[in-house]
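**Student:** here is my input; please provide its structure:
(chains A and B)
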2 protein chains.
Amino acid sequence: MGRIFRERIPVDKALRLFLENISTLRKTEEIPLEACAGRVLAEAVTSERNVPHYRRAAMDGYAVRASDTLGTSPANPVMLQLSDPITEGGSIWVHTGAALPKGADAVVMVEDTAAAGNLVEIRAQVYPNRNVGQVGEDIKKGDKVFEEGHFLRPCDAAVLASLGYERMKVFKKPVVAVIPTGDELVSRKKSVDVPPPGMVLETNGLMSALYVKKWGGIPRCIEIVPDNPDSIKRAVETNLDADMILLSGGTSVGKRDHAPEVVAALGELLVHGIGVSPGKPAALGIINNVPVVCLPGYPVAGLVALYFFVRPGLRKLAAVPEVPEIILKRRLAAKISSKIGYVNFIRVVFEGDKVRPLAGAGAGILSSVAKADGYVLVPENIEGYDEGEEVDVFLIE
Amino acid sequence: MGRIFRERIPVDKALRLFLENISTLRKTEEIPLEACAGRVLAEAVTSERNVPHYRRAAMDGYAVRASDTLGTSPANPVMLQLSDPITEGGSIWVHTGAALPKGADAVVMVEDTAAAGNLVEIRAQVYPNRNVGQVGEDIKKGDKVFEEGHFLRPCDAAVLASLGYERMKVFKKPVVAVIPTGDELVSRKKSVDVPPPGMVLETNGLMSALYVKKWGGIPRCIEIVPDNPDSIKRAVETNLDADMILLSGGTSVGKRDHAPEVVAALGELLVHGIGVSPGKPAALGIINNVPVVCLPGYPVAGLVALYFFVRPGLRKLAAVPEVPEIILKRRLAAKISSKIGYVNFIRVVFEGDKVRPLAGAGAGILSSVAKADGYVLVPENIEGYDEGEEVDVFLIE
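**Tutor:** Next up, the predicted model:
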């Protein structure tokens, strides 16, 4: 017979406790620039080169010696001879970005010139260095270009490549062992038929693994573990070389509630029973410095625990900087009723410029996951929202 | 000598023209569920199974025959014998999600019961089907679960797995040939030293390839092509089996401006010269139904063309549904001056709760890319924004 959760910890407090117990990994590896998008720099980058590394034309036009243009104007142009290198009275066409030819010290923009055979008419006076980019004017040798912990974007890869880098030292991706538990589970690989009554295909492991991958981890998928403390304990111990462990299932208030017990026996059970609905049976712990999340077996509750705990935990492990989330302001097409004392995770669908809460979408209702575009969070102390109220909508990614 | 752009097409019009000429590929492939996150369904999914496929307990508690609980209340409980299967006067413990035992037609929730050896005290009356999930109540055989064109998330993979799917038919990722052009370019692979004056390392190809990958395409990276029409033409022709072609460089107003000419010669040059700054020299075309983007060689201008044209072009090719972008409302820490007649792409850095425009950040200034957290777009007809004004900030991803 089951135990009823008599206590539950508010979501914020549970998350804070969990994150306080997670140490950033700081394991590093060197990877080629081609693979660095989405990774986090493990060391600051100081440029060993000047950019540009040569004086360059900042405009399309004619490179000249500035002294040859003294007093020049449209009414009083000067004719210069095309020549390279440039000596007194000489000039040559340059395009933007080209190295300034030897002898030149300025560029007259094309609009102030007229070509005429092997001569060019210059109609404007320029001072030395006019329309010339100096060595290092963009990035100087010794400039710090990126801080440690910088999240690398494709455009950053281009910057690093320009500075002559080929490989970067980045933080390793955390390895996350995903362990499905439950006697009712049937491996997806072993069955193409509908399982017998009471048995279900194991799918939360797949969902967890794909989210882990999406959020910057490397999933290690473990075979289904039967619902007994010894088997779960063995599976956890075998995977303590991972950087995080997810135990899926086995946290209901049903008889077979062994995952949190195993965490408590092997390490510290920080939280069991959280003020979020669905997701209440989730548990959080630490074993030998490895964070462990016990995900409820019900798919929506599992999804909630992934979003609320696994994602921020992974970010902290991997030193990924916070990024703003996509939050849309939308009016409700129908009222939301919410359970007091819980953060309520209400799935919604877009409906024109409004969102509609999915009615009767319990923790086990798979179709609600398929239908949901996003979710609305109703705080613990609020009974719900009225039709027409504006709410924050988070996208389900 | 260079040609000056006398015409430019507004960004919106350029993009519309480009997208009108792009046909969604609709090439499909079958992939395992493990690889389906981030892909787009190429066919609607209709469930071939009922979920649940058995009558299940919707609560933890005792399975009973409802008729045995008639008239029961806390003051007037009934004692039932533990038994499985259940016959008259019998009952058995079930946890949420378990198959309803043979003979039972309802579940009494645990809160309304008390265990007593091999008996259980039932303190509430239940009607048939109370706390019982019916076959197919979540998803019925024949229900349409996903439409064609649905963007698959990890939670969707779990839904599909639950329905017994192992592989899905999705749209193929577009193959994008990335062709860097320019005599001034030095391959990153051939040089660890600073290139000679006037020469630069090729890096826009790397940036383009990484964005293509991020946005759901498969980059095909081509070696640097010299700046002459024949070489560029050959490179384009060789890659007309790709789904999109990016020609990087060779669109300046300098002498060597061959990429758009080649596009015009081989197919249709839709747009050359766009009202965006930086990015003005970008060109768009179609050759044998293959969209071609000529990216300006300057890194920031190239980035702008990637964001404005390659990303939406790829989405249309690959049938990826629109997703809302992250747009942050921030006040300006300094004023922005903007060029009238162009959409100005102003790079900004976060500074507390404000954003600061990067001063003097021309199209060629690489450090501005490294520093920028995001960008602000100033419309064609506006001269800029004042310090303290609230603006929309787009993140550079």
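**Student:** interface residues of the stretch 151-300 of chain A facing chain B?
**Tutor:** Within reach of chain B by Cβ under 8 Å from any Cβ of the partner chain, the stretch 151-300 of chain A has these residues: A:153-159, A:161-162, A:164, A:166, A:184, A:188, A:192, A:194-195, A:197-198, A:200-201, A:203-204, A:206-207, A:209-211, A:213-214, A:252-256, A:297-299. The C-beta positions use only the backbone N, C-alpha and C, and glycine is treated the same way.
**Student:** helices of the stretch 51-200 of chain A, residue ranges please.
**Tutor:** A:154-162 (DSSP state H, counting those that start in this stretch).
**Student:** shaky segments in it?
**Tutor:** A:191-192 (pLDDT under 70).
**Student:** one more pass at 80, please.
**Tutor:** Applying pLDDT under 80 to the stretch 51-200 of chain A flags the ranges A:190-192.
**Student:** show me where it has its strands.
**Tutor:** Secondary structure of the stretch 51-200 of chain A by DSSP state E, counting those that start in this stretch: the strands cover A:56-57, A:61-64, A:78-82, A:90-94, A:106-109, A:113-116, A:119-122, A:132-133, A:144-146, A:167-171, A:175-180, A:185-186, A:200-201.
**Student:** tell me how chain A divides into domains.
**Tutor:** Per automatic domain parsing, the structural domains of chain A span A:11-26+A:173-318, A:28-51+A:148-171, A:56-133, A:327-395.
**Student:** tell me the contacts of A:Val378?
**Tutor:** Each residue near A:Val378 by Cβ atoms under 8 Å, 6 or more residues apart in numbering or on different chains is listed here: A:Ile336, A:Ser338, A:Val343, A:Asn344, A:Ile346, A:Gly384, A:Tyr385.
**Student:** what do you get if the cut-off is 6 Å, keeping everything else the same?
**Tutor:** Applying Cβ atoms under 6 Å, 6 or more residues apart in numbering or on different chains, we find A:Val378 in contact with A:Ser338, A:Asn344.
**Student:** which phi and psi does it have?
**Tutor:** phi -100, psi 120 (degrees, to the nearest 10).
**Student:** just A:Asp12 next, same as before
**Tutor:** According to degrees, to the nearest 10, A:Asp12 has phi -60, psi -40.
**Student:** what's the distance between it and B:Ser83?
**Tutor:** Distance, A:Asp12 to B:Ser83, by Cβ to Cβ, to the nearest Å: 46 Å.
**Student:** just for the stretch 201-350 of chain A, where's the confidence low?
**Tutor:** A:250-257.
**Student:** hmm, 90 instead?
**Tutor:** Within the stretch 201-350 of chain A, the ranges that satisfy pLDDT under 90 run A:227, A:249-258, A:280-281, A:297-299, A:322-327, A:339.
**Student:** which residues in it form strands?
**Tutor:** So, for the stretch 201-350 of chain A - with DSSP E, counting those that start in this stretch - the strands run A:218-221, A:244-248, A:268-272, A:276-277, A:283-287, A:290-295, A:327-332, A:336-337, A:343-351.
**Student:** buried set for the last one?
**Tutor:** For strand A:343-351, the buried set under the neighbour-count rule, 16 or more other Cβ atoms under 10 Å in any protein chain shown, comprises A:Val343, A:Asn344, A:Phe345, A:Ile346, A:Arg347, A:Val348, A:Phe350.
**Student:** now do the third one against A:Gly388, distance only.
**Tutor:** Noted for A:Phe345: a distance of 21 Å to A:Gly388, by Cβ to Cβ.
**Student:** one more: the fourth one?
**Tutor:** For A:Ile346, the distance to A:Gly388 equals 16 Å [Cβ to Cβ].
**Student:** before we move on, what about A:Gln134?
**Tutor:** Taking Cβ to Cβ, one finds A:Gln134 at 61 Å from A:Gly388.
**Student:** ok, now A:Gly313?
**Tutor:** Distance from A:Gly313 to A:Gly388, by Cβ to Cβ: 37 Å.
**Student:** looking at these two, which has the bigger crowd around it?
**Tutor:** Each of A:Gly313 and A:Gly388 has its neighbours counted (other Cβ atoms under 10 Å in any protein chain shown); A:Gly313 has more, 26 against 11.
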